[in-house]
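Enquirer: sequence unknown, structure follows:
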């Protein structure tokens, strides 16, 4: 699959910019650092870079750095010779060597221990790995892509991440926005996932009805795109016929989304309601909507919302008393 619109779904400005930049990143040999909250699709972006780049026919090896035991991290990354330590009854080609010629994806790099960071830095500098028990290093031709849901700058301040490693990784930097900041992409993401699962499960599940879609748009999506996909997966356990409504959800999801039935019936109305309640304080309104100020201003322009056209009910202009000369 090398169709960017299939790999990176969404028409929001953030996704449009990402799609425009990704082919350039893919063609470059530069190390990539992907930043984004859990569930925003960091590995999907890494795989898109692999598919679009010159190494597409070579290996893509993904490693969850948070799951590497400290006692085994060196053996897992760099490999070991037979008999190198107790229990090493046969040799192991480490993950980095397995990715030789291709791409290695280091997910949750912020969770890597200082000891492992130092070892990784050496590989980035020399492009060589030395398996445990080996007498000479092995040259590797690898492109590195790292990802984290933690702000590395904060880890640097706390001395939990190496500055020299940060500079090695922070070359081509991609930042993925949370789903709550690009809610206009929800209908497209939903449609894409439903079509994908219909094909996988040989079903014919329809699209969401209006009430269900409005509830989805009102949700904050703390689990981001992964949470949305999990919701659709739950629907496909007992696939409905025709349109998807709230009653088609498993009980735990139905209870969670039903509370949004009292929300305004559209994103525009929800914005207006909150703006009026905050007396058009845009900072406070953006906070209540869980949006950045930039997102709020973009939505105001999109829906052509102007305070003069939509005044607050208790904020009508009063006429100044006329002043007469004595």
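Expert: Nice, thanks for sending it over. Note that the coordinates shown come from a computational prediction; the quantities given were computed from them, not determined experimentally.

Enquirer: hey, let's count contacts and neighbours off CA atoms from now on
Expert: Will do.

Enquirer: For the chain, which residue occupies the most central location?
Expert: residue 40 (1.6 Å; CA atoms, centre = their mean).

Enquirer: Quick one: residues contacting that one.
Expert: By CA atoms under 8 Å, 6 or more residues apart in numbering, the contact list for residue 40 reads 176-179, 223-226.

Enquirer: That one: what secondary structure?
Expert: coil (DSSP: H, G, I helix; E, B strand; the rest coil).

Enquirer: Can you name the helix or strand that residue 191 falls in?
Expert: In this assignment (DSSP states H and E), residue 191 forms part of helix 186-201.

Enquirer: for residue 207, same thing?
Expert: strand 205-208.

Enquirer: now do residue 62
Expert: Going by DSSP H and E, residue 62 is in strand 60-64.

Enquirer: In the stretch 1-150 of the chain, where is pLDDT below threshold?
Expert: 1-2, 83-84, 86-88 (pLDDT under 70).

Enquirer: Now residue 103. Its backbone dihedrals?
Expert: Torsion angles at residue 103 (phi, psi; degrees, to the nearest 10) stand at phi -130, psi 140.

Enquirer: no, scratch that, I was asking about residue 291
Expert: phi -120, psi 160.

Enquirer: wouldn't it be in contact with residue 180 here?
Expert: Yes. Residue 291 lies in contact with residue 180 (CA atoms under 8 Å); the separation is 6.9 Å.

Enquirer: the more surrounded of those two?
Expert: Counted by other CA atoms under 10 Å, residue 291 and residue 180 do not tie: residue 180 has more neighbours, with 23 against 19.

Enquirer: Can you classify that one as helix, strand or coil?
Expert: For residue 180, the assignment made with three-state DSSP gives helix.

Enquirer: sorry, back to before: buried residues, the strand holding residue 62. List them.
Expert: Buried positions in strand 60-64, judged by neighbour count with 16 or more other CA atoms under 10 Å: 60-63.

Enquirer: next one: stretch 183-190
Expert: 183-187, 189-190.

Enquirer: Same check on stretch 216-227?
Expert: Quick answer for stretch 216-227 (16+ other CA under 10 Å): 216-218, 220-225, 227.

Enquirer: So what's the residue count around residue 152?
Expert: 19.

Enquirer: any idea which of the buried residues of stretch 183-190 is closest to residue 53?
Expert: Closest to residue 53 out of the buried residues of stretch 183-190 is residue 189 (24.6 Å), distances taken as CA to CA.

Enquirer: Quick check: the gap between that closest one and residue 212.
Expert: Distance of residue 189 to residue 212, computed by CA to CA, to the nearest Å: 15 Å.

Enquirer: hey, where'd the strands end up in the stretch 51-200 of the chain?
Expert: Here the stretch 51-200 of the chain has its strands, by DSSP state E, counting those that start in this stretch, at 60-64, 103-107, 128-129, 138-139, 143-148, 172-176.

Enquirer: about what we covered before: now that we have the buried residues of stretch 216-227, can you turn them into JSON lines and tack on distance to residue 129?
Expert: Putting those into JSON lines (distance: CA to CA, whole Å) gives the following:
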{"residue": "216", "distance to residue 129": "48"}
{"residue": "217", "distance to residue 129": "48"}
{"residue": "218", "distance to residue 129": "50"}
{"residue": "220", "distance to residue 129": "44"}
{"residue": "221", "distance to residue 129": "41"}
{"residue": "222", "distance to residue 129": "39"}
{"residue": "223", "distance to residue 129": "36"}
{"residue": "224", "distance to residue 129": "36"}
{"residue": "225", "distance to residue 129": "36"}
{"residue": "227", "distance to residue 129": "38"}
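
Enquirer: Filter those down to the ones in helices?
Expert: Of the buried residues of stretch 216-227, the ones assigned to helices by DSSP state H are 216-218, 224-225, 227.

Enquirer: and which of the residues you listed is nearest residue 286?
Expert: For those, the nearest to residue 286 is residue 218 (13.9 Å; CA to CA).

Enquirer: which residue packs closest to the closest one, ignoring adjacent ones?
Expert: For residue 218, ignoring the flanking residues on the chain, the nearest one in space by CA to CA, 6 or more residues apart in numbering is residue 260 at 6.5 Å.

Enquirer: Distance of that neighbour relative to residue 254?
Expert: Distance check for residue 260 against residue 254: by CA to CA, it reads 10 Å.

Enquirer: And those two? Which one has more around it.
Expert: residue 260 (18 against 15).

Enquirer: Give me the secondary structure label for that one.
Expert: Once three-state DSSP is applied, residue 260 turns out helix.

Enquirer: doesn't residue 217 make contact with it?
Expert: No. The pair residue 260 / residue 217 is not scored as a contact, 9.2 Å apart, by CA under 8 Å.
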